[in-house]
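# sequence below, structure please.
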Amino acid sequence: MTNPNIQSKTLSLAIDLLTRRSNTPEDAGCQDLMISRLEPLGFKIERMRFSNVDNLYARRGTTGPLLVFAGHTDVVPTGPLEKWHTPPFEPTIKDGMLYARGAADMKTSLAAFITSIEEFIAENPNHTGSIGLLITSDEEGVAVDGTVKVVEALKARGEMIDYCIVGEPTSNKVVGDMIKNGRRGSLSGKLTVKGIQGHIAYPHLVKNPIHMVAPAIKDMVETVWDKGNEYFPPTSWQISNMNGGTGATNVVPGEVEILFNFRFCPELNGAGSTEANLKSRVHHILDGNQLNYDLEWEYSPPYITPRGNLVEAITEAIEQAYGVTPELSTTGGTSDGRFIADICKQVIEFGPLNATIHKLNECVGVADIEPLKETYKLTLQKLLK
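Presented below is the predicted three-dimensional model:
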């Protein structure tokens, strides 16, 4: 650490978290550090370990409304160490930026969660409702033993959440300019089209699956799946991989494998698509082209939080802390918000700039850290004071 005279408690805690090598699914003691700050505040601590994944659910209070901060301690691999300006697990402040793996995604948010809660409780020891934290070490990985399992456990005992703030890095050009109030659904397909392999010089003895599937690809490219709705852009269908052939130039392949994905606009007020509708339409196109095929599906649900108490509260908080009015957005990939939405009707994501996430030399602006803490604290005041 290059600056020993740190005044900000949030910055100090962020640095402590960033020194821990919590590569997915390792937590590396991050949750223990957070617990050491939460227990003196009266939080009930539940460690929930599923398989090799550490999860934390902490709650202070027993009444509603319940506001939960959600996030992850795990980080993606660093990539080539020699291409970092400074060691990725030795947090370094340089030219006003804090460099470290996980700085933006999302240990600075975790630190801001803790210090905002500490300050809020110090000022409002008898606040209304309850405060919670849902923290996992399995968000950047396969995400099967993390937040989704904690949500299942909470749901099984009938514990619902009123408001949830996920600390993902959502800001685009300046911190505070964007809130994610939902995410598109993701529907992936592994399509195997079967033909008859044979010598390329005897076309009457073969069935080329690449030629056979081409009209179906054209049909799907040209299909208007929906026109979007108030919160989501139109559904997009894209091929990500296409593999067929033996490597020889004189052999027609026996099959071709195509990986594709929908990022889809969920049905809302009569506009959008559903998982079942998209699957049905794809099968209709493939069957209409008389293909012999196998198709495997993988689904990740969408979620949406319309304007309401949470959106309005954090919007006002961002305006006070950063002097910026955020826009609502549902763009980008998936997040653990999709799991939490199963037990919470109001889920939003807000955090630092996303420009350097998963990249070499990941960083956040030091000047943006205290306003992030202040945003979370102001939101608590607006909803629980």
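# mind checking what secondary structure the spatially most central residue of the chain has?
Against the mean C-alpha coordinate of the chain, by Cα atoms, centre = their mean, the closest residue is Ser335 at 1.9 Å. Put simply, Ser335 is coil when judged by DSSP: H, G, I helix; E, B strand; the rest coil.
# and it, how far from Leu295?
Separation of Ser335 from Leu295 (Cβ to Cβ, to the nearest Å): 27 Å. All C-beta spots, glycine's among them, are computed from the backbone N, C-alpha and C.
# kindly report the same for Asn208.
On the measure of Cβ to Cβ, Asn208 and Leu295 end up 19 Å apart.
# the more surrounded of these two?
Legend: neighbour count by other Cβ atoms under 10 Å for Asn208 and Leu295, higher for Asn208 (20 against 16).
# my read: that one touches Pro253, true?
Yes. When contacts are counted by Cβ atoms under 8 Å, Asn208 is listed as touching Pro253 (7.3 Å).
# which neighbours do these two have in common?
Common neighbours of Asn208 and Pro253, using Cβ atoms under 8 Å, 6 or more residues apart in numbering, are Gly195.
# the helices in the stretch 151-300 of the chain, which residues?
Here the stretch 151-300 of the chain has its helices, by DSSP state H, counting those that start in this stretch, at 209-222, 275-288.
# mean neighbour count and distance to Pro25 added to the ones you listed, as CSV?
Formatted as CSV, the helices of the stretch 151-300 of the chain follow (neighbours: other Cβ atoms under 10 Å; distance: least, Cβ to Cβ, whole Å):
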stretch, mean neighbour count, distance to Pro25
helix 209-222, 16, 36
helix 275-288, 15, 27
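# Serialize those to JSON lines and add fields for distance to Pro125 and mean pLDDT.
Formatted as JSON lines, those follow (distance: least, Cβ to Cβ, whole Å; pLDDT from 0 to 100):
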{"stretch": "helix 209-222", "distance to Pro125": "59", "mean pLDDT": "98"}
{"stretch": "helix 275-288", "distance to Pro125": "46", "mean pLDDT": "98"}
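# in a markdown table, list the ones you listed along with distance to Glu349.
Converted to a markdown table, these look like this (distance: least, Cβ to Cβ, whole Å):
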| stretch | distance to Glu349 |
| --- | --- |
| helix 209-222 | 31 |
| helix 275-288 | 22 |
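# right, so of the ones you listed, which gets closest to Glu312?
Within these, the stretch nearest Glu312 is helix 275-288; the backing value is 30.7 Å (Cβ to Cβ).
# so what touches the closest one?
185, 187, 189, 191, 216, 219-220, 223, 225, 235, 262, 264, 267, 293, 295, 297, 299, 301.
# among the residues you listed, which ones are buried?
185, 187, 189, 191, 216, 219-220, 225, 235, 262, 264, 267, 293, 295 (16 or more other Cβ atoms under 10 Å).
# looking at those residues, which are in strands?
Applying DSSP state E to the buried ones among the contacts of helix 275-288, the entries found in strands are 185, 187, 189, 191, 262, 264, 293, 295.
# who's in contact with the last one?
Contacts were defined as Cβ under 8 Å, 6+ apart; by that measure Leu295 touches 189-192, 282-283, 286.
# what about 7 Å?
By Cβ atoms under 7 Å, 6 or more residues apart in numbering, the residues touching Leu295 are 189, 191.
# that one bridge partners, please.
Leu191 (DSSP bridges).
# pLDDT score for Tyr322?
Per-residue pLDDT puts Tyr322 at 97.
# what of Met1?
38.
# residue ranges with poor pLDDT in this structure?
Low-confidence segments of the chain, defined by pLDDT under 70: 1-6.
# let's see it at 80
Residue ranges of the chain with pLDDT under 80: 1-7.
# what's the neighbour count on the closest residue in space to Gly96 that isn't next to it in sequence?
Leaving out its chain neighbours, the residue that sits closest to Gly96 by Cβ to Cβ, 6 or more residues apart in numbering is Val366, at 5.5 Å. Using other Cβ under 10 Å, Val366 has 19 other residues around it.
# so Val366 versus Lys373, what's the distance?
On the measure of Cβ to Cβ, Val366 and Lys373 end up 12 Å apart.
# also Gly245?
56 Å.
# neighbour count: these two, which is higher?
Taking neighbours as other Cβ under 10 Å, Gly245 and Lys373 compare with Lys373 leading, 27 against 14.
# assess the claim that that one and Ile114 are in contact.
No. Using Cβ atoms under 7 Å, Lys373 is not in contact with Ile114, being 8.9 Å away.
# partners of the one helix or strand Glu46 maps to in the sheet?
Using DSSP states H and E, Glu46 falls within strand 44-50. Strand pairing for strand 44-50, using DSSP bridges, gives strand 53-60 (antiparallel).
# figure out how far the partner strand is from the centre of its chain.
18 Å (Cα atoms, centre = their mean, to the nearest Å).
# so which bits of that strand are buried?
Buried-residue list, strand 53-60, by 16+ other Cβ under 10 Å: 53-60.
# tell me which helix or strand comes right after that strand.
With elements assigned by DSSP H and E, the helix or strand that comes after strand 53-60 is strand 66-72.
# what angle do strand 53-60 and that following strand make with each other?
Strand 66-72 and strand 53-60 are oriented at 160 degrees to each other (axes from the mean of the first three to the mean of the last three Cα atoms, to 10 degrees).
# nothing else from me, thank you.
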